[in-house]
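Enquirer: Following is a predicted model, sequence given first.
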Amino acid sequence: MVEEERRETPRPRRRRPEQPDVRARGGAGRNGQYGPAESAARKAAATVAAFTGREPECVISVERCDDGWQVGVEVVETRRIPDSTDILANYVVRLEPDGELISYRRTCRYTRSQVNRETR
């Protein structure tokens, strides 16, 4: 009995919907302006950088509040070798709707390798 060679025709791949490249446009919205959440996040990160003298690692939360915005920012406070032993901190910055500072505070410190984030 002769076995037939099966040739499968390649199935066309599904294309993902086009995602805007935030890096290419610098994070600006459709009209070239930042939205209020992005503006609050940038202002909060700049505030933390100014107060701590360290560049933020990332913005970890942005929340609209009755009196403006509450933004969480993560900062590397002490760099160590290996990186998993770096000391990081979370800061919460509260801003008025126009971006004026209401409050700023460090909420916790932890090592980068710390798995249980609920203890932060």
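Expert: Sure, I can see it.

Enquirer: Which SSE is immediately downstream of the helix or strand hosting Thr47?
Expert: Taking DSSP states H and E as the definition, one finds Thr47 inside helix 36-52. Counting by DSSP H and E, the next helix or strand C-terminal to helix 36-52 is strand 56-65.

Enquirer: got the angle for that next one vs helix 36-52?
Expert: Interaxial angle, strand 56-65 versus helix 36-52 (axes from the mean of the first three to the mean of the last three Cα atoms, to 10 degrees): 130 degrees.

Enquirer: now strand 56-65: mean pLDDT?
Expert: Averaging pLDDT along strand 56-65 yields 97.

Enquirer: Pull up the pairing partners for that strand, direction included.
Expert: strand 68-78 (antiparallel) (DSSP bridges).

Enquirer: List the buried residues of whatever helix or strand comes next after the partner strand.
Expert: Following strand 68-78 in sequence order, the next helix or strand is strand 87-95 (DSSP H and E). For strand 87-95, a neighbour-count test (16 or more other Cβ atoms under 10 Å) marks 88-95 as buried. C-betas here are computed from N, CA, C, even on glycine.

Enquirer: go on, stretch 34-44?
Expert: Those would be 34, 38, 40-41, 43-44, for stretch 34-44 by 16+ other Cβ under 10 Å.

Enquirer: Kindly export that stretch (C-alpha atoms) in PDB.
Expert: Taking Å, rounded to 0.1, in the frame of the first residue of the first chain, the C-alpha atoms of stretch 34-44 are listed here in PDB:
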ATOM      1  CA  TYR A  34      -1.900  64.000  26.600                       C
ATOM      2  CA  GLY A  35      -5.100  62.900  28.300                       C
ATOM      3  CA  PRO A  36      -5.800  63.900  31.900                       C
ATOM      4  CA  ALA A  37      -4.600  60.500  33.300                       C
ATOM      5  CA  GLU A  38      -1.400  60.500  31.300                       C
ATOM      6  CA  SER A  39      -0.700  64.100  32.400                       C
ATOM      7  CA  ALA A  40      -1.300  63.200  36.000                       C
ATOM      8  CA  ALA A  41       1.000  60.200  35.800                       C
ATOM      9  CA  ARG A  42       3.800  62.300  34.200                       C
ATOM     10  CA  LYS A  43       3.300  65.100  36.800                       C
ATOM     11  CA  ALA A  44       3.400  62.600  39.700                       C
END
